[in-house]
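Student: structure here, sequence nowhere to be found:
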């Protein structure tokens, strides 16, 4: 006996419901909010959505999505161009930038190797990375793929391609997350923490 | 040291962050999802947003937002036109329709009387409701405003306007929420439940 408003209202609920973490209840709540919102506000959101598809493209160097041909980071002369940090996704880059200590450049793979999901090397920006390293000037490539089976696999594959080019290859440290308690660390965290222990 | 992508990406995050229940973290996650999503999908969402402002208007009878001049419910000859259920918001109507038992018509106030928020009778669709009742054919008006101070105040005000028109005025029952446990009911629920007790 469910009887929802037909047409545009149902369509908006449907489209919002496709977003990650937005279930039918939230989609309905957002739709009712937007119905009551002012026209300029709703238009601003619609325009912002279109804009990311109309005016955003991959940076020709690091492949992060940007509105310029060369992204702000690659174009910044204060960044250390001899360092490349390889990340799976743009959001990983955003997280690292928020941390605020890294001053090198990035390379965004736009995914990780995942044969089961049909993600092979040709779906990623790997060729572009190899080309960057081959062009010279790069001293170190930091693998910042996720500490997961697929992330590690991707890093391993990349290192096999880059090692012959004579560049230093590193990966992010693993261990206990800062601010956590040992009691709740899982065994892999503890294995990593022991393995990577450092002297005072 | 925060350094976010400038331009369209930041703008979309900003617009998404204005939505209720969507904080900066969620806005960022949604933005990264949409950056990776296909152009048709993002356009579909943008178009659905514009559509609710371009093709939606209040039903000329019950004031719910609809794409037609007369909404689906008001236009349905199987609905009982002698019954009007008054709700504050369209989402309240949607909740009642989902319950599936009510077969009368609605009236959407688009708010409640709230002097502190500058919501007076002229901001609501009260005139239209009085006119509907005055036009005849209505036997009962069910007040389904929220069981809050402002909702009750709005229902009281409406009943003072409608009582002289000789229509039956009722309000939704109050008591224990079905499926709840008495132990956790607050005192107002228990007062309502005792006051409204019925014989087996």
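Tutor: That came through fine. All values reported here derive from a predicted model rather than from experimental measurement.
Student: drop to CA atoms for contacts and neighbour counts, all remaining ones
Tutor: Will do.
Student: give me the nearest residue to the spatially most central residue of chain A, chain neighbours excluded.
Tutor: The centre of chain A sits closest to residue A:89, judged by CA atoms, centre = their mean, with a distance of 1.9 Å. Leaving aside its chain neighbours, residue A:89 sits nearest to residue A:110 (5.1 Å; criterion: CA to CA, 6 or more residues apart in numbering or on different chains).
Student: below-threshold pLDDT in chain A: ranges please.
Tutor: Along chain A, the model assigns pLDDT under 70 to residues A:1-6, A:199-200.
Student: 80 instead?
Tutor: Chain A contains residues with pLDDT under 80 at A:1-6, A:176-190, A:193-200.
Student: tell me the domain ranges of it?
Tutor: A:8-54, A:79-171 (automatic domain parsing).
Student: which residues of chain A fall in strands?
Tutor: Ranges of strands within chain A are A:57-58, A:65-66, A:80-87, A:104-108, A:140-143, A:168-171, based on DSSP state E.
Student: got a list of what the residue nearest to the centre of chain A touches?
Tutor: Each residue near residue A:89 by CA atoms under 8 Å, 6 or more residues apart in numbering or on different chains is listed here: A:108-111.
Student: repeat that with 10 Å
Tutor: Taking CA atoms under 10 Å, 6 or more residues apart in numbering or on different chains as the contact definition, residue A:89 lies against A:64, A:107-112, A:145-146, B:32, B:36.
Student: got it, and residue A:13?
Tutor: A:23-32, B:45, B:48-49.
Student: not counting sequence-adjacent ones, nearest residue to it?
Tutor: That would be residue A:27: by CA to CA, 6+ apart, it lies 5.2 Å from residue A:13.
Student: hmm, back to that, can I get the domains of chain A in TSV with distance to residue B:84?
Tutor: Converted to TSV, the domains of chain A look like this (distance: least, CA to CA, whole Å):
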stretch	distance to residue B:84
domain A:8-54	21
domain A:79-171	51
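Student: how much space between whichever residue of chain A sits closest to chain B and residue B:9?
Tutor: Nearest residue of chain A to chain B, counting by CA to the nearest CA: residue A:46, 4.3 Å away. Here the criterion is CA to CA, to the nearest Å. By it, residue A:46 lies 13 Å from residue B:9.
Student: what of residue A:123?
Tutor: According to CA to CA, residue A:123 stands 23 Å off from residue B:9.
Student: out of the contacts of residue A:13, which is nearest to residue B:155?
Tutor: Closest to residue B:155 out of the contacts of residue A:13 is residue A:32 (22.1 Å), distances taken as CA to CA.
Student: next up, the contacts around the closest residue to that closest one other than its chain neighbours.
Tutor: Closest residue to residue A:32 apart from its sequence neighbours, by CA to CA, 6+ apart: residue B:91 at 6.4 Å. By CA under 10 Å, 6+ apart, residue B:91 lies in contact with A:28-29, A:31-33, B:64, B:97, B:108.
Student: so what secondary structure elements neighbour the top helix by length along chain A?
Tutor: For chain A, the longest helix by residue count, based on DSSP state H, is helix A:39-54. Judged by 3 or more CA pairs under 10 Å, 6 or more residues apart in numbering or on different chains; DSSP states H and E, helix A:39-54 is in contact with helix A:24-36, helix B:8-17, helix B:24-36, helix B:39-54.
Student: what sits closest to residue A:194 if chain neighbours are left out?
Tutor: residue A:175 (7.7 Å).
Student: what's the answer for residue A:143, then?
Tutor: residue A:171 (4.5 Å).
Student: got it, and residue A:151?
Tutor: Per CA to CA, 6+ apart, closest to residue A:151 is residue A:145, 5.0 Å.
Student: my guess is the one you found contacts residue A:85, does it?
Tutor: Yes: here residue A:145 reaches residue A:85: they are 9.2 Å apart, a contact under CA atoms under 10 Å.
Student: mind listing the shared neighbours of these two?
Tutor: Common neighbours of residue A:145 and residue A:85 (CA under 10 Å, 6+ apart) are A:108, A:171-172.
Student: ok so, going back, are any of the contacts of residue A:13 buried, and which?
Tutor: Neighbour counting by 16 or more other CA atoms under 10 Å in any protein chain shown classes A:26-32, B:45, B:48-49 among these as buried.
Student: going by distance to residue B:193, which of those residues wins?
Tutor: residue A:29 (29.2 Å).
Student: just checking, that closest one touches residue B:95?
Tutor: No: with contacts counted by CA under 10 Å, residue A:29 stays clear of residue B:95, the gap being 11.2 Å.
Student: and the gap between the residue nearest to residue A:89 and residue B:29?
Tutor: To residue B:29, residue A:110 is 15 Å away according to CA to CA.
Student: before we move on, the earlier item: how about the residue of chain A closest to chain B: what's its closest non-neighbour residue?
Tutor: Nearest residue to residue A:46, sequence neighbours excluded (CA to CA, 6+ apart): residue B:46, at 4.3 Å.
Student: same deal with residue A:111?
Tutor: The nearest residue in space to residue A:111 (CA to CA, 6+ apart) is residue A:88, at 5.0 Å.
Student: that'll do, ta.
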